[in-house]
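Asks: predicted structure and sequence below. I'll ask about it afterward.
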2 protein chains.
Amino acid sequence: MSNEKRHLKIGVFLAGTGHHVASWRHPKAQADGSINLDYFKELAKTAERGKLDMLFLADSLSITADSHPNVLARFEPFTLLASLAGVTSKIGLAATASTTYSEPFHVARQFASLDHISGGRAAWNVVTSSIELTALNFTKEEHLEHSQRYKRAEEFVEVVKGLWDSWEEGALIRDKEAGVYFEPDKLHELNHKGEFFSVRGPLNVPRPPQGHPVIIQAGSSEPGQHLAARTAELIFTTQNNLKDAQAFYESVKSKVVSYGRAPEDVGIMPGIFPILGETEEEAKAKYQELQDLIIPSVGLKILSGYLGGFDLSQYPLDGPVPDLDQLEVNAVKSRFQLIKDMVKRDNLTIRQLYQYIAGSRGHHIFVGTPVQLADKMEEWFTQGACDGFNLMPPLLPEGLELFVDKVVPILQERGLFRTEYEGSTLRDHLGLEAPVNRYQ
Amino acid sequence: MSNEKRHLKIGVFLAGTGHHVASWRHPKAQADGSINLDYFKELAKTAERGKLDMLFLADSLSITADSHPNVLARFEPFTLLASLAGVTSKIGLAATASTTYSEPFHVARQFASLDHISGGRAAWNVVTSSIELTALNFTKEEHLEHSQRYKRAEEFVEVVKGLWDSWEEGALIRDKEAGVYFEPDKLHELNHKGEFFSVRGPLNVPRPPQGHPVIIQAGSSEPGQHLAARTAELIFTTQNNLKDAQAFYESVKSKVVSYGRAPEDVGIMPGIFPILGETEEEAKAKYQELQDLIIPSVGLKILSGYLGGFDLSQYPLDGPVPDLDQLEVNAVKSRFQLIKDMVKRDNLTIRQLYQYIAGSRGHHIFVGTPVQLADKMEEWFTQGACDGFNLMPPLLPEGLELFVDKVVPILQERGLFRTEYEGSTLRDHLGLEAPVNRYQ
């Protein structure tokens, strides 16, 4: 792979009506998008027309009346991706699955089956469930504490990988004449016994076409970075400027090397939230149109979610943000730090902060023309800040269509992105080797 | 529904290469059928061409080197059915999901999502996991004992149904202008607290198009019959002759009535294993061809699985079956009784018994012409023995194609089976009302 020209890796994070909090209110939005199959099929086909590396689905296992429309009432990821596999033939299919309230045997099976159904296009975004309420949907009194969730996640991933190796290459010979369906020496029990799991195996699905589906992680905290550097093949991250992105990139790549892996074994893909216009003015007007659709009470509630539940509605909307270090914050520590930095740097009012946070949820907002976006992507890609991007279109389907029709051709012309899929699996697109079976 | 002519309900149980134990060795078999997506797509299209009510998939959560080729290495049911939903538009899609090693929240979500993806065609075959080894794939030291599994199953089903009701009809108004996505009064927490589960809810999927996916059960034991009579809408059962089938039918329907339900609220569908020929002689020759493909060691192992692990290979193959009441049998009690009755009635040798058991695994074998099969189905249907059948073709795809092309037209001509789908959901096909939301 190293002799080939390095290309951007580009995923698209499909979120109902789009990533802007008020996107569902936009006149062009498909308001029932999160549960409309034809709509998702069109999005998938558009992304494949743009030769993107993959579709990406987030997930969650609990809701409240305050949850966002995109997560309140939506498809379960495996059934949706299995369906989308049928209307596409090349693009990768990445599902989020939590390690906190699932069983490794079920998760190994679902991804292996999806990988077979899609001909080798599955990826697993490994997450821990950070929402305390989720415990109450799974007969648990208490939520696992942060470091325990990461330890469980790490063991969970090891078990899943072990189960994926249950069947060696060539095990299933299916010799009708001799009456031998498989070679018993090539079928392996895992017999894992660890702190959190005991799993015998073997898995009842043949080894996935990719060997293992691609492993994605998004943890940006210190334990998250270590876990990702040891076990991930793609890392999603929130980076708001070139300098921070470069520092994160260097930090993670050096950790990757310290675990005995090559830097190119792990791709780093910051999220980007692009608002595109024919001119800068048009782009700014589009952004303002979306921002004006944010309902203040909704914006404040979302902000509160990023502040460990602390409610700022008692303070004047157009007054300064109070000292955030007084507050106790339990989850998503890295994003909390970003928020504090932003408030300090730009001296934001509460309204400005919730608009910024609620609009993109802390992700990197880009407002400009297709050429300007291509310039920024090229800069980050060539200046050691990333290996690609996870697109978070503010408004769907428009944001994806504009990217595919206006930005992709520029990137292709500059030799930064493929003009055709060279292979047919997600590993092919990403230039990632298939793991060798541990028993081979 | 009661004014319409009563029609047979017909499902097809899709099992890899077919239900005969040696089917994978047959020259016409697709030996990799259990993990071949194009093959399943063709089967699904054939069944829909025949206007059948539904496809049915079994499942299991553990394998050993002795497992049958159809279960050793196969698709996970939800991903497979979501994929098959894309190549069909009417036929029902029934998945087996165990209540023993899963969480109600996950299962409720998967079926709700499948029901949305398929436009109201999902059904859930509720099972308990009866294989002790399965516990070892799920970090459990000991398998739950039979009656505890049933109690857990009953509570599990109640929780899932409650979660499906989370969103009332019309809750999702998505009023862009007013900025109101849903009516909070119509979103409900379940707040279930029971012996096995505490589940808060609500579910993050809108109420399924069918209200609830159709509930199927297969337990024929006494607690299984009671559970089914209280909660099931279809019952799969093993019945080998008209008289026993009539007795079972009457027993279950009277239990259904005793729980305050109407007899037609529950459809009873015995399995049938039909070997079809243009003439009886051809059918018998086909059966013999399959029986001759059974490897004795495989037949004995399968028989042993039906005898609580007792191994008969120490006895002469062509000698009599020893007294089975000496043996301790833990699981599948109702089938064990069938086996004992059969041995007593037909005075079988061990070879004859394993051939019979291994071939159809105790299910009702039919060998004859399409007209004879139609006669038998009509007899059972009109004589109070069943409401339809779950087809278990010995060899796929041939067994399904023959049924669709040769038997269905006869049943249609006799007015016993639909000539077109009248509705588009599985409940429409089965004449089952959609349950009213408990909060409405």
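Replies: Ah, there it is.

Asks: need the strands for the stretch 1-150 of chain A, in chain order.
Replies: A:9-13, A:54-57, A:92-98, A:122-127 (DSSP state E, counting those that start in this stretch).

Asks: for B:Ala153, which of the ones you listed is the nearest?
Replies: Among these, the nearest to B:Ala153 by Cβ to Cβ is strand A:92-98 (24.6 Å). (Each C-beta comes from the backbone N, C-alpha and C, glycine too.)

Asks: who are the packing partners of that closest one?
Replies: strand A:54-57, helix A:77-85, helix A:104-117, strand A:122-127, strand A:214-217, helix A:426-430 (3 or more Cβ pairs under 8 Å, 6 or more residues apart in numbering or on different chains; DSSP states H and E).

Asks: looking at those, spot the one closest to A:Pro274.
Replies: strand A:54-57 (15.4 Å).

Asks: flag the helix or strand of chain A with the lowest per-element mean pLDDT.
Replies: helix A:333-346 (a mean of 81; mean pLDDT, DSSP states H and E).

Asks: the very next helix or strand once past that helix close to chain B?
Replies: Sequence order places helix A:350-360 as the next helix or strand after helix A:333-346, per DSSP states H and E. No: Helix A:350-360 does not reach chain B (Cβ under 8 Å from any Cβ of the partner chain); its nearest approach is 13.1 Å.

Asks: pLDDT (mean, whole number) over helix A:350-360?
Replies: Mean pLDDT, computed over helix A:350-360, is 83.

Asks: got the CA coordinates for the following helix or strand past that helix in PDB?
Replies: The helix or strand immediately downstream of helix A:350-360 is strand A:364-368, counting by DSSP H and E. What follows is strand A:364-368, C-alpha atoms only, in PDB (Å, rounded to 0.1, in the frame of the first residue of the first chain):
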ATOM      1  CA  HIS A 364     -15.400  21.800  13.500                       C
ATOM      2  CA  ILE A 365     -17.600  24.200  11.600                       C
ATOM      3  CA  PHE A 366     -16.600  25.200   8.100                       C
ATOM      4  CA  VAL A 367     -18.500  27.900   6.300                       C
ATOM      5  CA  GLY A 368     -17.400  28.800   2.700                       C
END
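
Asks: who does strand A:364-368 touch, helix- and strand-wise?
Replies: strand A:267-276, helix A:280-291, helix A:370-382.

Asks: what are the buried residues along it?
Replies: Neighbour counts using 16 or more other Cβ atoms under 10 Å in any protein chain shown place A:364-368 of strand A:364-368 among the buried residues.

Asks: ok, residues contacting the least confident helix or strand of chain A?
Replies: The contact list for helix A:333-346 (Cβ atoms under 8 Å, 6 or more residues apart in numbering or on different chains) reads A:220-221, A:224, A:238, A:240, A:306-308, A:321, A:324-325, A:329, A:348, A:352-353, A:356-357, A:362.

Asks: now that helix: how far from the chain's centre is it?
Replies: Helix A:333-346 has its C-alpha centroid displaced from the chain centroid by 21 Å (Cα atoms, centre = their mean, to the nearest Å).

Asks: could you save the strands of the stretch 1-150 of chain A as CSV and add columns showing mean neighbour count, distance to B:Gly384 and mean pLDDT?
Replies: Output for those, formatted as CSV (neighbours: other Cβ atoms under 10 Å in any protein chain shown; distance: least, Cβ to Cβ, whole Å; pLDDT from 0 to 100):
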stretch, mean neighbour count, distance to B:Gly384, mean pLDDT
strand A:9-13, 26, 57, 98
strand A:54-57, 26, 49, 98
strand A:92-98, 24, 48, 97
strand A:122-127, 26, 49, 96
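
Asks: between these, which gets nearest to A:Leu300?
Replies: The nearest among these, by Cβ to Cβ, is strand A:9-13 at 24.5 Å.

Asks: what sits up against that closest one?
Replies: Counting by Cβ under 8 Å, 6+ apart, A:19, A:43, A:47, A:52-58, A:92, A:94, A:234, A:267, A:269, A:271, A:387-393, A:400, A:403, A:417, A:429-430 sit against strand A:9-13.

Asks: partner strands of that strand, with direction?
Replies: strand A:54-57 (parallel), strand A:388-391 (parallel) (DSSP bridges).

Asks: how far off strand A:92-98 does that strand point, in degrees?
Replies: 60 degrees (axes from the mean of the first three to the mean of the last three Cα atoms, to 10 degrees).

Asks: just how off-centre is strand A:9-13 within its chain?
Replies: The answer for strand A:9-13 is 9 Å, by Cα atoms, centre = their mean.

Asks: now it - C-alpha only, PDB.
Replies: Extracted in PDB, the C-alpha atoms of strand A:9-13 (Å, rounded to 0.1, in the frame of the first residue of the first chain):
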ATOM      1  CA  LYS A   9     -10.200   8.800   3.700                       C
ATOM      2  CA  ILE A  10     -13.700  10.300   3.700                       C
ATOM      3  CA  GLY A  11     -16.700   9.000   5.600                       C
ATOM      4  CA  VAL A  12     -20.100  10.500   5.900                       C
ATOM      5  CA  PHE A  13     -21.900  10.400   9.300                       C
END
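
Asks: return a PyMOL selection command for the buried portion of the contacts of helix A:333-346.
Replies: To isolate the buried members of the contacts of helix A:333-346 in PyMOL, using 16+ other Cβ under 10 Å:
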select buried, chain A and resi 220+221+224+238+240+306+307+321+324+329+348+352+353+356+357+362
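
Asks: quick one: contacts for A:Pro223?
Replies: Neighbours of A:Pro223 in contact, by Cβ under 8 Å, 6+ apart: A:146-147, A:150.

Asks: and A:Gly119, by the same measure?
Replies: A:85, A:89, A:209, A:424-425.

Asks: ok, now A:Ser221?
Replies: A:333-334.

Asks: so who does whichever residue of the stretch 251-400 of chain A sits closest to chain B touch?
Replies: Nearest residue of the stretch 251-400 of chain A to chain B: A:Ile295, at 4.9 Å (Cβ to the nearest Cβ). Applying Cβ under 8 Å, 6+ apart, we find A:Ile295 in contact with A:22, B:179.

Asks: redo that, cut-off 6 Å
Replies: Counting by Cβ atoms under 6 Å, 6 or more residues apart in numbering or on different chains, A:Ile295 makes contact with B:Gly179.

Asks: same question for the one 4 residues further on.
Replies: Residues near A:Gly299 by Cβ under 6 Å, 6+ apart: A:354, A:358.
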